[in-house]
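Asker: My questions concern the predicted model and sequence given below.
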Amino acid sequence: MTAATPVAAGVPAATTEELALRIRRHALRMTSTGGSSHVGAVFSMADLVAVLYGHTLRVDPARPDWPDRDRFILSKGHAGAGVYAALAERGFFPVEWLSRHYQDGSLLSGHVSHKGIPGVEFSTGSLGHGLPVATGMALAGKLDARGHRVFALLSDGECDEGSNWEAILFAAHHRLDNLVVVVDYNKIQSLAPVAETLALEPFADKWRAFGWAVREVDGHDHAALRKTFDALPAEPGRPTVVLAHTVKGKGVSFMEHSVLWHYRTARGDEFDAAWTELDTEGDA
Amino acid sequence: MRDAFIARLTELAATDPRVMLVTGDLGFGVLTDFAKRFPRQFLNAGVAEQNMTGLATGLALEGRIVFTYSIANFPTLRCLEQIRNDAAYHGASVKVVAVGGGFSYGALGMSHHATEDIAILRSIPDVTVVCPGDDWEAAEATTAITALPGTAYLRLDRAGAGNAAPDGETFALGRSRRLREGEDVTLVATGGILGVALRAADQLATEGVRCRVLSMHTIAPLDQAALLAASRETGGVVTIEEHSVIGGLGGAVAECLLESGAAPARFARVGLRAGFSSIVGSQDYLRSHYGLDVPAVVATVRKLLGAPDVAVRGMPSSA
């Protein structure tokens, strides 16, 4: 790995687009240094996480446990590097911590963990866990008449898990309109395209049939994402799902739409090529 | 035992609005009063144990004390990963209640035989595992785990030992109860089969064998001090559980005593060795069939005490 341009640190990203770029750069370095997988899964959701942490979520880095904060659960825990990067950029902990990702003795595990990491709401890694927990948090918010929202970011592949559909039934039945699911719908899962594994389509219709308000959006269009998240709940009395159409590996041409980059680690020339693509978009 | 649990939980819910009961669509007739009295503290999650446990974790992380409720293996094995990853790893105040330990639902078939749950649950870090032996222990354990931060498993048998509530005794998690005094051998029981241990001890007393009986209601954390004393003072330990002999009470006691250098001269485990039970029957029938009844315990003790010491000679017999 060559000595790449240092990732900007200490200066808040001026825009969500800039934050997304920083998340991608951090994730590329973190996965390359540590030799971990899932960079494609981070790139696919980087814009979603950037808009959430840079615009939508009511959180306070100085008070990670602020009772009125919006809750955010990354259910696709394998993309944890992206959330760690977002939290560091938002000032929950020093950006320097990111260099410890996936290292011996580190708390920054490959799948997102809350222990000792300010700002991580919940630890995941096994798929299909985030939404039921988010549902419980949303129910508590309703019971206590609190104003915060609960967001869960799911992968499309993890919608194979039956536990999600248990929660989807439950949340609609209990009219949890303070609950928002964002699906990173990049159409590729672990081994093959979603359509060739377990077809989800007609996906939006399934959510509607279960009683959810559905919004579909380009998951890389920040203006569209901001607008969508500014209008929550999409329908009073219903939980909202945002089906964010994304591209796996987004931002690095040779990683896009590729199953390979669910697991492959960018090293050597591949790292340099990827870094160059992310660098050409301007110094953050 | 179930009624003792729900009666105590009703008292607790009346004074602490954080207490919630979430059922996986079971408890017909049993939970009705609770649901009517505390509509904001009761929830039927439907036939969906994974979501039940996940949402219980979410509720708990928002400040509630959440009891999940179902029968046999449904609230444990069906959603084991939710107990491990969600509740226990996050230290969430989720109390998993399974009604029907062992062969409580013996006639319903293999699916309803909870015979590996203790071994599995006690291996998960930060989960307190409690198997009350009688109604008093069930009620007291309910209070104790409510006050306990973090995740717990409460295994309730259909029938307890039938003991009268003791006078002036205090209950503590992780502290076993000595229900019979004796120096010849110690019977250690967990769960409702404590009644079998007590009756076996009474029968053996008529033969001149003085059994100490410990109710080991808490499996994790285990009462090491009482076990070491039993090994040292009686020289023989027999564990009794309505559960597989693999990894349950017997395994836990053996690990504790061996690692403490306090292996008793005589040791036996009474428990299930036969694998899955394809036959069905009442709890009493299946206990007899699989050697978990009073005659089986008595025979085990006789054999243990009567057997020549050759096999165990040379092992440390006291700490």
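Answerer: Thanks, I have it.
Asker: mind listing what residue 248 touches?
Answerer: Just going to use chain A. By Cβ atoms under 8 Å, 6 or more residues apart in numbering or on different chains, residue A:248 lies in contact with A:40-41, A:43-44, A:186-188, A:255-259, A:261-262. C-betas here are computed from N, CA, C, even on glycine.
Asker: My question was about chain B, not that one.
Answerer: B:116, B:118-119, B:122, B:190, B:219, B:241, B:271.
Asker: By neighbour count, which of the contacts of residue A:248 wins?
Answerer: residue A:44 (33 neighbours; other Cβ atoms under 10 Å in any protein chain shown).
Asker: moving C-terminal of the host helix or strand of that residue, what's the next helix or strand?
Answerer: Secondary structure assignment for residue A:44, by DSSP states H and E: helix A:39-51. Following helix A:39-51 in sequence order, the next helix or strand is strand A:71-74 (DSSP H and E).
Asker: which helices and strands sit right next to the longest helix seen in chain A?
Answerer: Secondary structure of chain A per DSSP state H: the longest helix is helix A:16-34. Applying 3 or more Cβ pairs under 8 Å, 6 or more residues apart in numbering or on different chains; DSSP states H and E, one finds that helix A:16-34 contacts helix A:39-51, helix A:80-89, helix A:222-230, helix A:268-279.
Asker: Any chance of CSV for those, columns distance to chain B?
Answerer: Below are the helices and strands packed on helix A:16-34 laid out as CSV (distance: least, Cβ to the nearest Cβ, whole Å):
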stretch, distance to chain B
helix A:39-51, 19
helix A:80-89, 14
helix A:222-230, 21
helix A:268-279, 32
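Asker: can I get the ones you listed in CSV with mean pLDDT and distance to residue A:122?
Answerer: Putting the helices and strands packed on helix A:16-34 into CSV (pLDDT from 0 to 100; distance: least, Cβ to Cβ, whole Å) gives the following:
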stretch, mean pLDDT, distance to residue A:122
helix A:39-51, 97, 15
helix A:80-89, 98, 11
helix A:222-230, 98, 20
helix A:268-279, 94, 29
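Asker: I'd like the ones you listed laid out as a markdown table, including distance to residue B:26.
Answerer: Below are the helices and strands packed on helix A:16-34 laid out as a markdown table (distance: least, Cβ to Cβ, whole Å):
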| stretch | distance to residue B:26 |
| --- | --- |
| helix A:39-51 | 38 |
| helix A:80-89 | 36 |
| helix A:222-230 | 39 |
| helix A:268-279 | 53 |
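Asker: Tally up the residues packed near the residue of the stretch 101-250 of chain B at minimum distance from chain A, please.
Answerer: At 12.0 Å from chain A, residue B:126 is the closest residue in the stretch 101-250 of chain B, using Cβ to the nearest Cβ. Neighbour count of residue B:126, defined by other Cβ under 10 Å: 16.
Asker: One more: residue A:202?
Answerer: Residues near residue A:202, counting by other Cβ under 10 Å: 10.
Asker: just residue B:67 next, same as before
Answerer: Neighbours of residue B:67 (other Cβ under 10 Å): 28.
Asker: gap between the helix holding residue A:44 and the chain center?
Answerer: Distance, stretch centre to chain centre, for helix A:39-51: 6 Å (Cα atoms, centre = their mean, to the nearest Å).
Asker: Okay, angle between that helix and helix A:222-230 too, please.
Answerer: Interaxial angle, helix A:39-51 versus helix A:222-230 (axes from the mean of the first three to the mean of the last three Cα atoms, to 10 degrees): 60 degrees.
Asker: what's the angle between helix A:39-51 and helix A:16-34?
Answerer: Per the same axes, to 10 degrees, the angle that helix A:39-51 makes with helix A:16-34 is 150 degrees.
Asker: picking that back up, now, which of the contacts of residue A:248 lie within helices?
Answerer: A:40-41, A:43-44.
Asker: Enumerate every residue touching the closest residue to residue B:114 other than its chain neighbours.
Answerer: Distances taken as Cβ to Cβ, 6 or more residues apart in numbering or on different chains put residue B:72 closest to residue B:114, at 4.8 Å, once the chain neighbours are dropped. Counting by Cβ under 8 Å, 6+ apart, residue B:72 makes contact with B:98-100, B:104-105, B:108, B:111-114.
Asker: Give the buried subset of the residues you listed as a PyMOL selection command.
Answerer: A single PyMOL command selects the buried members of the contacts of residue B:72 (16 or more other Cβ atoms under 10 Å in any protein chain shown):
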select buried, chain B and resi 98+99+100+104+105+112+113+114
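Asker: Save the contacts of residue B:72 as a markdown table, and put in pLDDT and secondary structure too.
Answerer: What follows is the contacts of residue B:72, written out as a markdown table (pLDDT from 0 to 100; DSSP: H, G, I helix; E, B strand; the rest coil):
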| residue | pLDDT | secondary structure |
| --- | --- | --- |
| B:98 | 98 | strand |
| B:99 | 97 | strand |
| B:100 | 96 | coil |
| B:104 | 94 | coil |
| B:105 | 94 | coil |
| B:108 | 94 | helix |
| B:111 | 94 | helix |
| B:112 | 96 | helix |
| B:113 | 95 | coil |
| B:114 | 97 | strand |
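Asker: Nearest to residue A:34 among the contacts of residue B:72?
Answerer: Relative to residue A:34, the closest of the contacts of residue B:72 is residue B:98; by Cβ to Cβ it sits at 40.5 Å.
Asker: In contact with the residue of the stretch 101-250 of chain B closest to chain A, which residues?
Answerer: Here residue B:126 is in contact with B:88-89, B:91, B:150-151 (criterion: Cβ under 8 Å, 6+ apart).
Asker: Can you add distance to residue B:30 and give these back as TSV?
Answerer: As requested, those are exported to TSV (distance: Cβ to Cβ, whole Å):
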residue	distance to residue B:30
B:88	27
B:89	31
B:91	29
B:150	26
B:151	23
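Asker: Just the ones of those residues in strands?
Answerer: residue B:151 (DSSP state E).
Asker: And the host helix or strand of residue A:242, what does it pack against?
Answerer: Using DSSP H and E, residue A:242 sits in strand A:240-245. Using 3+ Cβ pairs under 8 Å, 6+ apart as the contact criterion, the elements in contact with strand A:240-245 are strand A:179-185, helix A:203-209, strand A:213-218, helix A:222-230.
Asker: Determine which stretch of those is the most buried.
Answerer: Stretch with highest mean neighbour count among the helices and strands packed on strand A:240-245: strand A:179-185 (a mean of 28; mean count of other Cβ atoms under 10 Å in any protein chain shown).
Asker: CA-only coordinates of that one, as PDB, when you get a sec.
Answerer: In PDB, the C-alpha atoms belonging to strand A:179-185 read as follows (Å, rounded to 0.1, in the frame of the first residue of the first chain):
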ATOM      1  CA  LEU A 179     -39.700   3.700  13.000                       C
ATOM      2  CA  VAL A 180     -37.800   4.100   9.700                       C
ATOM      3  CA  VAL A 181     -36.200   1.300   7.800                       C
ATOM      4  CA  VAL A 182     -33.700   2.200   5.100                       C
ATOM      5  CA  VAL A 183     -32.900  -0.700   2.800                       C
ATOM      6  CA  ASP A 184     -29.600  -0.500   1.000                       C
ATOM      7  CA  TYR A 185     -31.000  -2.100  -2.100                       C
END
